[in-house]
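**Q** one predicted model, sequence on top.
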Amino acid sequence: MKAEYINPFLESARFVIEQVANVRPSTGQLGLKEIKLIEKYVWIQIGMTGEMQGDIVFGLHEQVALKMVSAMMGGYVITEMDEISASAISELGNMISGNASTMLFNQGVTVDISPPKLVHSANSAAFVSRKALTIPLIMDGIGELDIQVLIA
């Protein structure tokens, strides 16, 4: 995995989160982590085709997702993962990935992304545990969002 392929997702996530939630995230330690079923956790999976094949998975605890959606909605308190909050958190993953794919294109790497697939611990029957390169983003007052890169 080349850093120049990971960095656009990190840069994009910081930019998008700052724009939609008015929070400037800091970057945690880069590492290798197993993506596995965790109770009360949400994953936003974006497939990638083209010169990069694989998935980008954004993982966050359900409470962090709710706080993020609340921040995206201007502070309106969201208390459950319903259709609207699921749609909003999926769109966050879509915006980050779309912006990152534009950055990659500007670097000469052609990538197409799939629509986001939301995987929640409540509907995770088809979830497959895998190892991924993980970069956590820490958002003050909200929590942590893991960017997990699974590129072949």
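**A** Great, that's in hand. Numbers count the residues shown, from 1 in each chain.
**Q** what stretches of the chain score poorly on pLDDT?
**A** 1-4, 121-129, 152 (pLDDT under 70).
**Q** can you show me the strands along it?
**A** For the chain, applying DSSP state E gives strands covering 26-27, 31-35, 41-50, 54-61, 111-113, 117-120, 130-139, 143-151.
**Q** possible to save the ones you listed as CSV with mean neighbour count and distance to residue 86?
**A** From N, CA and C alone the C-beta is placed, and that goes for glycine too. Converted to CSV, the strands of the chain look like this (neighbours: other CB atoms under 10 Å; distance: least, CB to CB, whole Å):
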stretch, mean neighbour count, distance to residue 86
strand 26-27, 12, 26
strand 31-35, 13, 19
strand 41-50, 20, 8
strand 54-61, 22, 13
strand 111-113, 17, 19
strand 117-120, 17, 5
strand 130-139, 18, 19
strand 143-151, 20, 16
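**Q** can you add distance to residue 84 and give those strands back as JSON lines?
**A** Output for the strands of the chain, formatted as JSON lines (distance: least, CB to CB, whole Å):
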{"stretch": "strand 26-27", "distance to residue 84": "28"}
{"stretch": "strand 31-35", "distance to residue 84": "26"}
{"stretch": "strand 41-50", "distance to residue 84": "14"}
{"stretch": "strand 54-61", "distance to residue 84": "17"}
{"stretch": "strand 111-113", "distance to residue 84": "23"}
{"stretch": "strand 117-120", "distance to residue 84": "12"}
{"stretch": "strand 130-139", "distance to residue 84": "21"}
{"stretch": "strand 143-151", "distance to residue 84": "19"}
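**Q** which strand residues bridge the most centrally placed residue in the chain?
**A** Nearest residue to the geometric centre of the chain (CA atoms, centre = their mean): residue 58, 2.6 Å. Beta-bridge pairing of residue 58 under DSSP bridges involves residue 44, residue 147.
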